[in-house]
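Asker: Provided below for reference: sequence and predicted model.
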Amino acid sequence: MTEADLVVTVGRRLDFQLAYGSPAVFGEAKFLRIADCASELRDNRRGAAEIFATPSAALDALLEATEGRKGAADRQWAGAAREKHLERANKLVASMKSAPAGKDGLMHPNRLLAALREALPSDAVIVADGGDFLSFARVGLPASTYLDPGSLGCIGIGTPFGVAASLALPDRTVVVATGDGSFGFNAMEIDTAARHKAPVLIVVANNGSWAIECARSAGNARQGGRHPAAVRRSRGDGAGLRPAWRAVERAEDLPAAIERALANRPALWMCW
Ligand SMILES: Cc1ncc(C[n+]2csc(CCOP(=O)(O)OP(=O)(O)O)c2C)c(N)n1
Ligand SMILES: [Mg+2]
């Protein structure tokens, strides 16, 4: 991103995932922005050109306008960038499978994500939700159809999005990978899933905390600020949900557990 000359956004906000288009990340790159609504056209960093149009029509028109022109892309640069990306992605996949447990003996989130990657069909619909766990899932669980809390980061969407997706796309496998805190926001919706026979699998990474908030409040406290409510609490065992869930505590039990859960949806499955 720091080396780009031109960045084209197509129906895409410059949100936190793209560092708001900050010059610290994108330098002096020129932006071409294409979108059919103002908030995706002009937010955070203005384009040298801004095309207010249906993205597919704008792209067709661009292709037409450049027809016959010889491409001048720096293929060597692009190839090297792609190679570096693949190298990092492959390294990540390999390291995920053997990510060691934490000092507390608990499973690393990447072990769970690696097991899901291996078990799920390539067209699985993934809904990711959480704080720290979402950061792991966003990188470690790629999918062709993917939903998450989006640019406003509104957690709790995992279970309801998953229920809806599994009803909308009954021929696809729909899996929600969520932190325990985010799951708690809308846990009641597993009742909706059961009533509507929504074939969703919900996998909860239970670290017994709003981990990302613990890190944030510890940082606040270090800077002399308040240390608000997100102190680590003891890890609940989900007793209230016991009739609905299956628990997995050892990484080696993951493959069989995923297979069982996929065969018995709706299923809720806690992991720690
Ligand atoms: C609706 C809403 N409320 C609060 C927050 C702030 N928030 C972000 S992550 C998080 C905790 C997530 O906990 P969990 O799902 O267990 O993920 P972990 O960090 O433990 O992996 C909270 C409260 C938010 N983003 N959205
Ligand atoms: Mg958590």
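Answerer: In hand now; what should we look at? Numbers count the residues shown, from 1 in each chain. Ligands and ions are numbered 1, 2, ... in the order given.

Asker: For this structure, what lies in contact range of ligand 1?
Answerer: Contact residues, the chain versus ligand 1 (CB under 6 Å from any ligand atom): 130-133, 153-156, 179-182, 207, 209-213. For glycine as for every other residue, the C-beta is placed from the backbone atoms N, C-alpha and C.

Asker: quick one: contacts for the closest residue to Gly11 other than its chain neighbours?
Answerer: Once flanking residues are discounted, Gly11 sits nearest to Pro55: 4.7 Å by CB to CB, 6 or more residues apart in numbering. Listed by CB atoms under 8 Å, 6 or more residues apart in numbering, the contact set of Pro55 reads 10-11, 34-36.

Asker: Can you check what pLDDT the model gives Pro55?
Answerer: The score at Pro55 is 97. That number is its pLDDT.

Asker: ok, now how distant is it from Leu62?
Answerer: Computed with CB to CB, to the nearest Å, the distance linking Pro55 and Leu62 is 10 Å.

Asker: Whatever helix or strand Ile258 lives in packs against which elements?
Answerer: When elements are assigned from DSSP states H and E, Ile258 belongs to helix 254-263. Using 3 or more CB pairs under 8 Å, 6 or more residues apart in numbering; DSSP states H and E, the elements in contact with helix 254-263 are helix 109-119, strand 200-205, strand 245-248, strand 267-271.

Asker: same thing but 6 Å
Answerer: Using 3 or more CB pairs under 6 Å, 6 or more residues apart in numbering; DSSP states H and E, the elements in contact with helix 254-263 are helix 109-119.

Asker: who's in contact with the helix it packs on?
Answerer: For helix 109-119, contacts defined as CB atoms under 6 Å, 6 or more residues apart in numbering pick out 96-97, 99, 133, 136, 140-141, 205, 251, 254-255, 258, 271.

Asker: Which of the residues in that helix are classified as buried?
Answerer: 109-117, 119 (16 or more other CB atoms under 10 Å).

Asker: Okay, now the unreliable bits of the stretch 101-250 of the chain?
Answerer: 218-221, 223-245 (pLDDT under 70).

Asker: which bits of it sit near ligand 2?
Answerer: 179-181, 207, 211 (CB under 5 Å from the ion).

Asker: Could you export those to TSV, including columns for neighbour count and distance to Ala194?
Answerer: Output for those, formatted as TSV (neighbours: other CB atoms under 10 Å; distance: CB to CB, whole Å):
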residue	neighbour count	distance to Ala194
Gly179	29	22
Asp180	23	20
Gly181	25	22
Asn207	24	26
Ala211	21	29
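
Asker: ok, so of these, who is nearest Ile126?
Answerer: Proximity of those to Ile126 (CB to CB) peaks at Gly179, which lies at 14.5 Å.

Asker: Nearest residue to that closest one in space, please, no chain neighbours.
Answerer: That would be Gly130: by CB to CB, 6+ apart, it lies 2.9 Å from Gly179.

Asker: and that neighbour, how many residues sit next to it?
Answerer: 28 (other CB atoms under 10 Å).

Asker: try Ala94
Answerer: 10.

Asker: Distance-wise, check it relative to ligand 1.
Answerer: Remark: distance between Ala94 and ligand 1 (CB to the nearest ligand atom, to the nearest Å) = 23 Å.

Asker: can you tell me the helix or strand for that residue?
Answerer: Counting by DSSP H and E, Ala94 is found in helix 75-97.

Asker: avg pLDDT for that helix?
Answerer: Averaged across helix 75-97, pLDDT comes to 94.

Asker: list the buried ones in it?
Answerer: Counting neighbours by 16+ other CB under 10 Å, helix 75-97 gives 93, 96 as buried.
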